[in-house]
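>>> My questions concern the predicted model and sequence given below.
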Amino acid sequence: MIRIIPSLLAVITMLVFLSGCEPRPDCNDDNCTKFTVLHTNDNHGRFWHNKAGEYGMAARFTVIDGIRKEVAADGGHTLVLSGGDINTGVPESDLQNAIPDFIGMNMIGYDAMAVGNHEFDNPLSVLAEQAELATFPMLAANIYDKDTNERYFEPYKVFKVGGIDIAVVGLTTNDTPKLTNPQNTESLLFTDPIAEMKKLLKQIKADESVDLVFAATHMGHYQDGEFGSNAPGDVSMARALNEGELNAIIGGHSQNPVCMSGRNSEYDKRFKAGGSCRPDKQNGTWIMQAHEWGRFVGRADFEYINGKLYLIDYELIPINLKRTAFGKKLADPVADFYVRNPDVEAALLPFQQKGSAELDVLIGKVDGLLEGDRKVVRSQQTNLGRLIAKVHSSKVFADFGIMNSGGVRASITAGDVAYRDVLTVQPFSNTIGLAEMSGEKLIKYLSNVASKTRTSGAYAQFYGIDMTVKCRDRSVEIHSINNQPFDINGQYRFSIPSFSAAGGDNYPKINILEAGYVDAIELYEYIKQQKTINVADYEPNGEVKFTQSKSDLGCSIY
């Protein structure tokens, strides 16, 4: 449960926050239903524990199964929900279409999941196989088949929880067509999830006899509703509804632990694994999210007394964590070590072994860190971003290269490099496109692309171009391309991922020559050919300069 806080004042503050500043009646058999919601989100292929023994579905099973039994012994009931993004992130899972992840979720006993944007990284045929395999519903109320105008997934599911009925509505960010390969979503329509929720609340009230409405979402939690370049998320939705109309949101997508400070709209900067956590509450709606990868299992203990919902306790349970999200060792050990369930581990081991065998062949060396950490590569030009842009542009004989930072998913550390490392960096199997523009059109195009918000996946990495980006004006001044002075009347060729050319990350849609080269394969071939990558050769040296911004590393939100 919530950890003990040294300060008595802090304890009182926590209790007042959770109780909503009003006394709670006693929970008796005739007026009260106790239930617990357990949740994870943004699994991203982490069905197996990492080398440090952290997370993994076998340990997750132990935690969830133990809580389920504890709650039942106390006369309560349990719902297990996922905020989506089961796919993409670990090669062993990616090579096997996340089949082991869905097998693990079935064994754990998930009750429902929101459909995430990364569920569309594969063709719809793969998603259909996953939905068939899952023993729980995939929920998404705002995704429609363009041909039939019918919903592609179930919009909601009603669960009998003791003596009450809870409707769980699924919603997916309508940024999805921009965030995954548009070819996989071209037959689908993603509507505004907030508008869809408003319609569904009326429909559920008219058609169902439910006591509570929850949402399992993949929309993102943005502090105080500041969503920047992203589509509006959970906070915006809660504020757009009638107060208390939606009881709770179990979310995903932004991949952060939603733990709030005393000021309700601010994240708790002191939160650490194993410490106290209180969810956000906006307009009468509890909002929860459990970071990413199964690092935590969120636990929300509720009591429904005399027709009113009370949150009794909330915590994020760390699953054998030894490090912070950014690789630093934790100063103090966290909680108990959870033994991995042997049945789950035995079921998933063949998938891990099969994937590892294909991925562990060494292809070359790197003499230092190639920086691809999400927090860094989306905020500044990095050697790995530039290396990828160079690989792409060289392959298609372009003058310069553009790489969206959202397509760079990990760093490559110094030492030996295996195929596994390459697929971890570029797991999406995007193809490399070749575009050609006049100097005049290129200025307009780059004025849009180069001024994408810093810290978003749209932030662009460049190789082979020297320019100044004026962020507030959303304009660029190009100095040189491929070491030649820029000519506004000239013609220029550049490489760009097919994802971005098709409008991904809200880039302008452009026509490209589809060369048929897959990004990860070309990076693999380049490293294999070079044998040793000297990271200094790809370090940024002020080629792209940003002005009129809070940071000289990229454009801020205006």
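Nice, I can see it.

>>> contacts and neighbour counts: CA atoms only from here.
OK.

>>> Nearest residue to the middle of the chain?
His253 (3.7 Å; CA atoms, centre = their mean).

>>> ok, that one to Val115 distance?
Distance, His253 to Val115, using CA to CA, to the nearest Å: 10 Å.

>>> Mind listing the shared neighbours of these two?
Each of Gly83, Gly84, Asp85, His218 lies in contact with both His253 and Val115 under the rule CA atoms under 8 Å, 6 or more residues apart in numbering.

>>> how about those in TSV, adding pLDDT, distance to Tyr507 and secondary structure?
TSV is the format used below for the shared contacts of His253 and Val115 (pLDDT from 0 to 100; distance: CA to CA, whole Å; DSSP: H, G, I helix; E, B strand; the rest coil):
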residue	pLDDT	distance to Tyr507	secondary structure
Gly83	98	26	coil
Gly84	97	25	coil
Asp85	95	22	coil
His218	97	22	strand
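
>>> what's the closest of those residues to Ile527?
The shortest gap between Ile527 and any of the shared contacts of His253 and Val115 belongs to Asp85, at 29.6 Å (CA to CA).

>>> which residues does the closest one contact?
Asn41, Asp42, Asn43, His44, Val115, Gly116, Asn117, His118, Glu119, His218, Gly252, His253.

>>> the domain parsing of this structure - what is it?
33-353, 361-547 (automatic domain parsing).

>>> Go through those domains and name the closest to Pro23.
domain 33-353 (10.1 Å).

>>> start to end distance for that closest one?
End residues of domain 33-353 are separated by 44 Å (CA to CA).

>>> How far off centre is it?
11 Å (CA atoms, centre = their mean, to the nearest Å).

>>> Now do the end-to-end distance for stretch 532-548.
Note: stretch 532-548 ends 39 Å apart using CA to CA.

>>> scratch that, stretch 170-183 is what I was asking about
23 Å.

>>> Do me a favour and average the pLDDT over it.
Here stretch 170-183 scores 88 as its mean pLDDT.

>>> Pull out the buried positions in that stretch.
Neighbour counts over stretch 170-183 (16 or more other CA atoms under 10 Å) mark 170-183 as buried.

>>> would CSV of those with distance to Ala536 and secondary structure be doable?
Shown next, in CSV, are those (distance: CA to CA, whole Å; DSSP: H, G, I helix; E, B strand; the rest coil):
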residue, distance to Ala536, secondary structure
Gly170, 46, strand
Leu171, 44, strand
Thr172, 41, strand
Thr173, 39, coil
Asn174, 40, coil
Asp175, 36, coil
Thr176, 36, helix
Pro177, 36, helix
Lys178, 33, helix
Leu179, 31, helix
Thr180, 31, coil
Asn181, 32, coil
Pro182, 35, helix
Gln183, 36, helix
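
>>> quick check, nearest of the residues you listed to Ala128?
Using CA to CA, Gln183 is the member of those that lies nearest Ala128, at 16.0 Å.

>>> Tell me the confidence at the residue nearest to the centre of the chain?
At His253, pLDDT is 93.

>>> Give me the phi and psi for it.
Backbone torsions for His253, taken as degrees, to the nearest 10, come to phi 100, psi -50.
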